[in-house]
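Student: Sequence plus the predicted model coming up.
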Amino acid sequence: MPIDEPRLSRSPVVRYALLTIGWLSLVLGVIGIFLPVLPTTPFLLLSAACFVRSSRRVYLWLVTHPQLGPWIRDYLDGNGIPLRGKIWAIGLMWAGIGFSCWLVPLLWARLFMLSSAVLVSIYILRQKTRRLD
């Protein structure tokens, strides 16, 4: 085993806890694909981090998954986000936030949603833009 390759946890309790957290964050990440307010990539990265320490088989399934794997691999490889992905992510997020602000009359909730949208937009825009080959 190479030195830089993460090892599975020796404790079965820790492995099961990491497996549980990994699956929960994977579910949240998949839900985040459809809900603009919920981020996808951080949950997928958390899942990968939990799986690499708890189950090599599940980790390999996740990173080689046809739909979910590229999100993780591109981020870990430092390839960035495609321009089209940035536009879609920011556009859908702002549409969802705008609709939510229209529905929710509470000022503090609107301010929270708007400040979250601004911060997520800044984060997305600061990420490297991946060039398509």
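Tutor: Looks like it arrived, so ask away. What you see is a predicted model; the values in this text were computed from it and never measured.
Student: How is the protein partitioned into domains?
Tutor: 1-79, 80-133 (automatic domain parsing).
Student: Deepest in the core, which of these is it.
Tutor: domain 1-79 (a mean of 15; mean count of other C-beta atoms under 10 Å). Where you see a C-beta, it was placed from the backbone N, CA and C, and this is true even at glycine.
Student: How about the contacts made by L26?
Tutor: F43, L44, S47, L62, L68 (C-beta atoms under 8 Å, 6 or more residues apart in numbering).
Student: These into a markdown table, with extra columns for secondary structure?
Tutor: Putting the contacts of L26 into a markdown table (DSSP: H, G, I helix; E, B strand; the rest coil) gives the following:
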| residue | secondary structure |
| --- | --- |
| F43 | helix |
| L44 | helix |
| S47 | helix |
| L62 | helix |
| L68 | coil |
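Student: tell me what the helix or strand containing A109 is packed against?
Tutor: Secondary structure from DSSP states H and E places A109 in helix 107-126. Contacts defined by 3 or more C-beta pairs under 8 Å, 6 or more residues apart in numbering; DSSP states H and E place helix 107-126 against helix 83-103.
Student: related to what we said a few turns ago, for the helix holding A109, output the C-alpha coordinates as CSV.
Tutor: Output of helix 107-126 as CSV, limited to C-alpha atoms (Å, rounded to 0.1, in the frame of the first residue of the first chain):
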residue,chain,number,x,y,z
LEU,A,107,-37.1,39.6,6.9
TRP,A,108,-34.5,37.6,8.8
ALA,A,109,-35.1,34.5,6.6
ARG,A,110,-34.9,36.6,3.4
LEU,A,111,-31.6,38.1,4.6
PHE,A,112,-30.2,34.7,5.5
MET,A,113,-31.2,33.2,2.1
LEU,A,114,-29.8,36.2,0.2
SER,A,115,-26.6,36.3,2.1
SER,A,116,-26.2,32.5,1.5
ALA,A,117,-26.8,33.0,-2.2
VAL,A,118,-24.2,35.8,-2.4
LEU,A,119,-21.6,33.7,-0.6
VAL,A,120,-22.2,30.6,-2.7
SER,A,121,-22.1,32.7,-5.9
ILE,A,122,-18.8,34.1,-4.8
TYR,A,123,-17.5,30.6,-4.1
ILE,A,124,-18.6,29.3,-7.5
LEU,A,125,-17.2,32.2,-9.4
ARG,A,126,-13.8,31.9,-7.6
